[in-house]
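**Q** Give me a 3D structure for the following:
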Amino acid sequence: MNMKPASLDCHSTTAKLYAISDLHLSDKKMQAAIASLPNFENDWLIIAGDVGENLEHLQFALNHLFEKFKQIIWVPGNHDLWSSQKNDAELYGEEKYKKMVSICHSYNTITPEDQYVKFASGTNKCFIIVPVFTLYDYSFRPDDIPITQAVDWALEDETLCSDEFFLIPKPYENISDWCKMRIKYTQERLEKIPPEIPIILINHYPTIEKLAVSQIHPRFKIWCGTRNTENWHLKYNIKKVVYGHMHTPSSQFINNTCFEEVSIPYPITNFDNFLLKDCLKQILP
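**A** Numbers count the residues shown, from 1 in each chain. As a prediction, this is how the structure comes out:
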């Protein structure tokens, strides 16, 4: 396999930076869609989480995308971290995450554990690309609901995320503790970025609560992020936040930051005419 090293210098201004998330390759039709994606030569691709539900899904995606894009940037979603508990050899929590990072590195894919890279827009302005992994902590809930009652509050509206069964946060006691560690790790790295350099931040989850909106299940938002990221776009020089998870693609400006939701809208009603390239969102230039 020919490795394609990520450059620490600004990338060629002729290249484009695309993004997509929530491929959910447990669906065989999505596997066919990714295999039929055309080549994008010198362009880069952000995958903002939820490639699939096991290591084979990630390997399948990178096998195809590695040859189609010059550089891939990946962050994990909640589905990527699922474990069934039916196999004694199965990886859980942080151990599974580390294995996925290892697989990404075998395809020279940039992860939240790697040195940040730079990318130039069409105006020659250099951005720093910051992939992050934050999880959630049930803080997207009413102030009068204790965290211990957050899931019960969602259940009152007949809403329950499958993470409660399949996302096992070992070695942490709970998902909130893992989230707390990831926030601390990420903020320490963000603090080291020179404030004059604009940031493209990538996360699976929305970083502010007002974007964690599900029209069908409004209380699903407790599984959609953390209030600890609420002021990041104000505190740091973040020009764009690229995220998925909500399955409602959109572009919104909030406090002069563009929030790009890049997930594939579900359900896909006509797979016969579905082209994955139509779901790619151009982030830069």
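
**Q** low-scoring stretches of this protein, by residue?
**A** For the chain, residues meeting the criterion pLDDT under 70 lie at 1-13, 85-89, 122-124, 267-272.

**Q** so where do the helices sit in it?
**A** Taking DSSP state H as the test, the helices found in the chain are 28-35, 55-65, 93-106, 150-155, 163-166, 175-190, 232-235.

**Q** So what touches the fourth one?
**A** Residues from elsewhere that reach helix 150-155, judged by CB atoms under 8 Å, 6 or more residues apart in numbering: 138, 141-142, 145, 160-161, 164, 219-220, 222. Every residue, glycine included, has its C-beta placed from N, CA and C.

**Q** And stretch 140-148, by the same measure?
**A** Looking at what lies outside stretch 140-148 - CB under 8 Å, 6+ apart - the contacts are 137-139, 150, 153, 176, 209, 212, 221-222, 224-227.

**Q** Which one (most neighbours) among the contacts of helix 150-155?
**A** Tyr138 (24 neighbours; other CB atoms under 10 Å).

**Q** What number of neighbouring residues does the closest residue to it other than its chain neighbours come out with?
**A** Using CB to CB, 6 or more residues apart in numbering and skipping residues adjacent in sequence, the residue nearest Tyr138 is Ala150, 4.0 Å away. For Ala150, the number of neighbouring residues by other CB under 10 Å comes to 20.

**Q** measure Ala150 to Ser106 for me?
**A** Distance of Ala150 to Ser106, computed by CB to CB, to the nearest Å: 38 Å.

**Q** is it true that Tyr243 touches Ile208?
**A** No: between Tyr243 and Ile208 there is no contact under CB atoms under 8 Å: 9.9 Å.

**Q** picking up where we left off before, show the buried residues in the contacts of stretch 140-148.
**A** For those, a neighbour count by 16 or more other CB atoms under 10 Å gives the buried set as 137-139, 150, 153, 176, 209, 212, 221-222, 224-226.

**Q** From these, pick the one nearest Leu234.
**A** Glu209 (14.1 Å; CB to CB).

**Q** which ones are touching that closest one?
**A** 140, 221, 225, 227, 230.

**Q** List phi and psi for Lys170.
**A** Note on Lys170: backbone dihedrals following degrees, to the nearest 10 are phi -50, psi 140.

**Q** Neighbours of the closest residue to it other than its chain neighbours, how many?
**A** The shortest distance from Lys170 to any non-neighbouring residue, by CB to CB, 6+ apart, is to Gly93 (3.8 Å). By other CB under 10 Å, the residues close to Gly93 number 17.

**Q** cool, the one 3 residues further on as well?
**A** Lys96 has 21 neighbours, counted by other CB under 10 Å.

**Q** Could you shift the numbering so residue one becomes 17, and keep it that way?
**A** All right, first residue 17 from here; so that's Lys112.

**Q** Cys177 contacts Lys237, correct?
**A** No: with contact defined as CB under 8 Å, Cys177 does not reach Lys237; the gap is 10.3 Å.

**Q** What segments of this structure are strands?
**A** 33-36, 60-64, 87-91, 133-136, 142-147, 215-218, 254-259, 266-270, 273-277, 297-300 (DSSP state E).

**Q** Looking at these, spot the one closest to Lys208.
**A** strand 142-147 (10.8 Å).

**Q** Residues contacting the closest one, please?
**A** 26, 33, 62, 89-91, 126-128, 130, 132-137, 205-206, 209, 213-219, 255, 300.

**Q** again, 7 Å this time
**A** 26, 89-91, 126-128, 132-137, 209, 213-218, 255, 300 (CB atoms under 7 Å, 6 or more residues apart in numbering).

**Q** State the distance from Gln87 to Pro147.
**A** 12 Å.

**Q** So for those two, which residue has more residues nearby?
**A** Between Gln87 and Pro147, counted using other CB under 10 Å, Pro147 has the larger neighbour count: 27 against 23.

**Q** who does that one bridge with?
**A** Under DSSP bridges, the beta-bridge partners of Pro147 are Ile218.

**Q** List the buried residues in stretch 73-93.
**A** 73-78, 81-82, 84-93.

**Q** Relative to the whole chain's centre, how far out is it?
**A** 13 Å (CA atoms, centre = their mean, to the nearest Å).
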